[in-house]
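Q: fold the following, please.
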Amino acid sequence: MAMSVGTGGQELCDINTTPLIDVMLVLLVTLIVTLPVMTHAVKLDMPNPLQPPPPQNQQPEVIDLEIDSDGTIVWNGTPVSGLDQLEGYFRNEAAKDPQPEIHLRPDRRAKYDVVARVLAAAQRNRMRKIGFVNTAEFGE
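A: Numbering: from 1, shown residues only. Now for the predicted structure:
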């Protein structure tokens, strides 16, 4: 080992960072241990195990619901005059057993507000089977 005797007269004025790093690591570990574990709950409506399954050969009715770029809502090929009429359709269909499926097909230029209002109306009227179809065009 060699040792320098300081011939130039310069003093070494560097801060020792080892204790600072040790304190930061202790604080980090303390923070990680004391934080509560975050749980993300997803509410799922599971089927009743005591109820018999529906027959497999019975296909549910399908309702094609389209939303055009100008906000026009089309129910199975028939334009809907407004959300009140649409909610009436939803109420009639929700009363059926089995409940029909809604295949929602929004245009790629349709406003999100219109789509959200249609989904909210379906939810308010207890429509349970809603799906987006033909959304491959949105991947562009």
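Q: next secondary structure element downstream of the top helix by length along the chain?
A: In the chain, with assignment by DSSP state H, the single longest helix is helix 18-34. Of the helices and strands lying after helix 18-34 in sequence (DSSP states H and E), the nearest is strand 62-67.
Q: against residue 114, how distant is residue 70?
A: According to Cβ to Cβ, to the nearest Å, residue 70 and residue 114 sit 9 Å apart. For every residue, glycine as well, the C-beta is placed using N, CA and C.
Q: same question but for residue 16, I mixed them up
A: 64 Å.
Q: same question for residue 76.
A: From residue 76 to residue 114 the distance is 18 Å (Cβ to Cβ).
Q: the helix or strand of the chain with the lowest mean pLDDT pairs with which strands?
A: Lowest on mean pLDDT, DSSP states H and E among the helices and strands of the chain sits strand 130-132, with a mean of 89. Sheet partners assigned to strand 130-132 using DSSP bridges are listed as strand 101-106 (parallel).
Q: show me what the partner strand is in contact with.
A: The contact list for strand 101-106 (Cβ atoms under 8 Å, 6 or more residues apart in numbering) reads 60-67, 93, 114-115, 118-119, 122, 127, 129-134.
Q: now, of the residues you listed, which are buried?
A: Burial by neighbour count, 16 or more other Cβ atoms under 10 Å: within the contacts of strand 101-106 this picks out 63, 65, 66, 67, 93, 114, 115, 118, 119, 122, 127, 129.
Q: just the pLDDT at the second one, thanks.
A: This means residue 65. Looking at residue 65, its pLDDT reads 94.
Q: verify the stated contact: it with residue 74.
A: Yes: counting by Cβ atoms under 8 Å, residue 65 does reach residue 74; the two are 7.2 Å apart.
Q: where are the low-confidence patches of the chain?
A: For the chain, the stretches with pLDDT under 70 are 1-9, 38-42, 54, 135-140.
Q: pull out the buried positions in the longest helix of the chain.
A: Within helix 18-34, no residue counts as buried by 16+ other Cβ under 10 Å.
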